[in-house]
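A.B. asks: no sequence on this one, just coordinates:
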């Protein structure tokens, strides 16, 4: 028996390790050349403290309260030198990956398909090399090298973790470096370098209703999340509001329809900004965040979109007097397009 442990470092790097039955996370990490912080390894100093966001484990009772108080343990704080997982886990490590002598993963793949879905959206599919391992948490992103340059661009996965073919939903930015490559030169069979995964925007364990808010190609990480929910099941209500500027910017609705069929508690709505549109729901996503999907704040909210969208959602919550149980978002910077990670 082995468990997969996702170590999320302070600098955004995620490293996945395998942890054997009865093995501590610290021992597993060192066995795989990830030097997590530690001074004693006996539960005395507290140097190896982190936060377990997801998963089940045993800490035993052989550590000192000075290293980990009862209050800290109740909040999900752990000592990796004492933590023995009994399921897959996600752990926040409060130091940079470079201080742990671990690097973000690098791998290569081959372009399988590149398709312009609309004037605004491009779908890129990459087949990973045989034997390549690319674990990630649904919602995370990766750097993709732009051939012929020293630059890379960052995109959220739209495929499920563990798939041999990874897909990305990319905004077609006029004059953009990656957009120019994809629309003018990219052909199936070409080689691409990838670096990652990265990011703190990912699907947490679902214990209550979920509201997903996507702007344009910010739909990508939610496709990955929904793929995972289809695979693992979900008993809680999940509602997605997907907003775009124009009618023909709506893409992957057939995939959303398939999720609607596969997930009994999943629903979605599309919204178009263009006032000239005949779409039944016009405006911005905030215009369609009705009370029944907000559950008086007893909801986990995930948002992937540009800064104005994030700010508008925050303002809407404030005006409605609603504080979601949790709010996770990927906020694009001005020089990035939706579908690129912040």
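C.D. replies: Cool, the structure landed. If you're wondering where the values come from, they're calculated on a predicted model, not measured in any experiment. Numbering: from 1, shown residues only.

A.B. asks: Pull out the buried positions in the helix or strand harbouring residue 71.
C.D. replies: Using DSSP states H and E, residue 71 maps to helix 70-74. In terms of neighbour count (16 or more other C-beta atoms under 10 Å), helix 70-74 has its buried residues at residue 72. Every residue, glycine included, has its C-beta placed from N, CA and C.

A.B. asks: what packs against the helix or strand just after it?
C.D. replies: Next helix or strand after helix 70-74 toward the C-terminus (DSSP H and E): strand 77-79. Judged by 3 or more C-beta pairs under 8 Å, 6 or more residues apart in numbering; DSSP states H and E, the packing partners of strand 77-79 are strand 49-54.

A.B. asks: Paired strands for the strand it packs on, with orientation please.
C.D. replies: Strands that pair with strand 49-54, judged by DSSP bridges, come out as strand 77-79 (antiparallel), strand 89-93 (antiparallel).

A.B. asks: what's the helix holding residue 71 packed up against?
C.D. replies: Short answer (3+ C-beta pairs under 8 Å, 6+ apart): helix 70-74 packs on no helix or strand.

A.B. asks: what residues does that helix touch?
C.D. replies: With contact meaning C-beta atoms under 8 Å, 6 or more residues apart in numbering, helix 70-74 is reached by 49, 59.

A.B. asks: Could you do stretch 166-185 as well?
C.D. replies: Looking at what lies outside stretch 166-185 - C-beta under 8 Å, 6+ apart - the contacts are 109, 114, 116-117, 119-126, 128, 134, 144, 146-149, 151, 153, 155-159, 216-217, 219-220, 223, 251-252, 337-340.

A.B. asks: So which of those are in strands?
C.D. replies: The members of these that map onto strands under DSSP state E are 109, 114, 116, 121-126, 128, 144, 153, 155-156.

A.B. asks: Of the residues you listed, just say which sits nearest to residue 10.
C.D. replies: If you rank these by distance to residue 10 using C-beta to C-beta, residue 156 comes first, at 20.4 Å.

A.B. asks: The closest one contacts residue 137, doesn't it?
C.D. replies: No. In this structure residue 156 lies outside contact range of residue 137 using C-beta atoms under 8 Å: 11.1 Å.

A.B. asks: for the stretch 201-342 of the chain, what spans make up the strands?
C.D. replies: 209-215, 238-244, 266-272, 299-305, 326-331 (DSSP state E, counting those that start in this stretch).

A.B. asks: what are the phi and psi angles of residue 233?
C.D. replies: As for residue 233, its main-chain torsions (degrees, to the nearest 10) stand at phi 90, psi 160.

A.B. asks: For residue 295, see how far away it is.
C.D. replies: Look at residue 233 and residue 295: by C-beta to C-beta, to the nearest Å, they are 21 Å apart.

A.B. asks: next one: residue 108
C.D. replies: 44 Å.

A.B. asks: between those two, which one's more packed in?
C.D. replies: Between residue 108 and residue 295, counting by other C-beta atoms under 10 Å, residue 295 is the more crowded of the two (17 against 13).

A.B. asks: count of neighbours near the nearest residue to that one once chain neighbours are set aside?
C.D. replies: Computed as C-beta to C-beta, 6 or more residues apart in numbering, the closest residue to residue 295 that is not its neighbour in sequence is residue 209, at 5.1 Å. Look at residue 209: counted by other C-beta under 10 Å, it has 20 neighbours.

A.B. asks: May I have the beta-bridge partners of residue 209?
C.D. replies: Beta-bridge partners, per DSSP bridges, of residue 209: residue 299.

A.B. asks: who's in contact with it?
C.D. replies: Neighbours of residue 209 in contact, by C-beta under 8 Å, 6+ apart: 236-239, 293, 295, 298-300.

A.B. asks: Please apply the same query to residue 300.
C.D. replies: 204, 206, 208-211, 324-328.

A.B. asks: Could you pick out the buried ones from these?
C.D. replies: By 16+ other C-beta under 10 Å, the contacts of residue 300 give 206, 209-211, 324, 327-328 as buried.

A.B. asks: quick one: which of these is nearest to residue 36?
C.D. replies: Distances from residue 36 to these, taken by C-beta to C-beta, are shortest for residue 328, at 24.5 Å.
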